[in-house]
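Trainee: here is my input, please return the structure:
(one chain, ligands or ions: 1)
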Amino acid sequence: MPAWMPPGSGVDKENGGRVAGLDVERIRTDFPILDREVHGKPLVYFDTAASAQRPLAVIEAIDDFYRRYNANIHRGVHTLSQEATDAYEAARAKVAGFLNADSAGEVVFTRGTTEAINLVAQSFLRPTIGPGDEILITHMEHHANIVPWQMLCEQTGAELRVAPINERGELELSALKAMLSERVKLIGIVHVSNALGTINPVAEVCSAARAFGIPVLVDGAQATPHQAVDVQALGCAFYCFSGHKMYGPTGIGGLWARRETLQAMPPYQGGGEMISVVSFEGTTYNDPPGRFEAGTPHIAGAIGLGAAVDYLRSLGMDRVAAAEAELLAYATRAMSEIDGLRIVGTAAHKAGVISFVLDDIHPNDIGTLIDHYGIAIRTGHHCAMPAVKYFGLPATARVSFGIYNKPAEVDQLVDALRRIKDMFA
Ligand code: PMP
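Mentor: You can find the predicted model right below:
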């Protein structure tokens, strides 16, 4: 057993499918999609890192909005508009509470993590940087935390620098620290890597950055569904997240930043809602968060996200994280026993993501064949080409876990992988 492998799991397969205190069998009844079959087999959904499934609570919250109080928000004086506004703003408060923000006004709704990062790049950083300045990211970033900075560098003449990782897929923290200087104007770092599963020491990065006055943007897309996140304790300047990764709708997510930070930032997009007074001579802007929410937002999405946050909180994020750690340990052991299977990303601190290659079978073939067993996994570069390339690979197959996954499904996966391996023998 490799030394990095997590210790024995608390998975109890005989005892009603409980995983580390989470009643997975009961949770599964909250997800109607898990009743369906794929190619005549019960669906096994191992692609939560790409997008989670939605519980009834989320589906019903969206349904309820469209059935009972659908209307545009803010400034409407009629009842429906006021009810919709209240629900939208209540969702913002729920998200703020979930992240331990100081107030609801610190949460800007965006389309998701990608838009949140672009917002910071263009509104926060673009007005102030130029040649000689640096933006520091890591080698394991998702494209969403690479490309907006590359575009910004092209626009401003600043330089993008990349902190290295090691062969386990861990950040080389001392190398990152050695790259810090007054020239660095922002650090962008992923909290949990979607390609490797690595959980980064974000609080430590923030504290090292603070010595140089460098703001840190955390890509939290994969962290918010899996562990309790406390933006104040982390000490970051910006925290970005996506609703659809955390059992909420697509097309909604957000950006957290302190009120003073948001207050000092110019608008990102212009249009309705983000203004205070408009005239042809000049326009004044709304206060945050409205300043950054130009146009009609995804009202149903925000309400659905609020319901997802309520749902996760009802389970308890510590229990969610513990259950995922147990399942990860169980799956890591079981998969490692398959001859020729190599796990890519073996960090000491990992979330429920297992990237792997099997013999020299192309990951896309694995993904296509395993679909015929009803098992949904992801294959490819996972929108993190540099991270996958670091391991000398063009692609991997990736299993990722959600709160509804159980050990018996891992057994099915391992069995299907063995059969696929035999097909190529
Ligand atoms: N960062 C990470 C780590 C991700 O996993 C993803 C989604 N795969 C994103 C950013 C982008 O999120 P979205 O597509 O929801 O904007």
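Trainee: show me where the stretch 1-150 of the chain has its strands.
Mentor: For the stretch 1-150 of the chain, the strands defined by DSSP state E, counting those that start in this stretch occupy 18-19, 22-23, 37-38, 41-42, 44-45, 107-110, 134-138.
Trainee: quick one, which of those is nearest to the ligand?
Mentor: strand 107-110 (8.4 Å; CB to the nearest ligand atom). Backbone N, C-alpha and C define where each C-beta goes, glycine included.
Trainee: could you dump that closest one to PDB, C-alpha only?
Mentor: Extracted as PDB, the C-alpha positions of strand 107-110 are listed here (Å, rounded to 0.1, in the frame of the first residue of the first chain):
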ATOM      1  CA  VAL A 107     -21.800  38.300  -2.100                       C
ATOM      2  CA  VAL A 108     -22.100  39.200  -5.800                       C
ATOM      3  CA  PHE A 109     -24.100  36.700  -7.900                       C
ATOM      4  CA  THR A 110     -22.400  35.800 -11.100                       C
END
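Trainee: which parts of that strand are buried?
Mentor: Buried positions in strand 107-110, judged by neighbour count with 16 or more other CB atoms under 10 Å: 107-110.
Trainee: what of stretch 227-242?
Mentor: 227-229, 231, 234-242.
Trainee: ditto for stretch 212-228
Mentor: In stretch 212-228, counting by 16+ other CB under 10 Å, buried: 214-228.
Trainee: over to stretch 91-102?
Mentor: 91-96, 98-99, 101.
Trainee: dump the residues you listed to CSV, plus pLDDT and distance to residue 258.
Mentor: Below are the buried residues of stretch 91-102 laid out as CSV (pLDDT from 0 to 100; distance: CB to CB, whole Å):
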residue, pLDDT, distance to residue 258
91, 98, 20
92, 98, 15
93, 98, 17
94, 98, 19
95, 98, 15
96, 98, 12
98, 98, 17
99, 98, 12
101, 98, 9
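Trainee: which ones among those map onto helices?
Mentor: Using DSSP state H, the subset of the buried residues of stretch 91-102 located in helices is 91-96, 98.
Trainee: which one among these gets closest to the ligand?
Mentor: Closest to the ligand out of those is residue 95 (14.7 Å), distances taken as CB to the nearest ligand atom.
Trainee: follow-up on the earlier one: turn the strands of the stretch 1-150 of the chain into CSV, including mean pLDDT and distance to residue 317.
Mentor: Below are the strands of the stretch 1-150 of the chain laid out as CSV (pLDDT from 0 to 100; distance: least, CB to CB, whole Å):
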stretch, mean pLDDT, distance to residue 317
strand 18-19, 72, 15
strand 22-23, 94, 11
strand 37-38, 98, 30
strand 41-42, 97, 28
strand 44-45, 98, 21
strand 107-110, 98, 17
strand 134-138, 98, 24
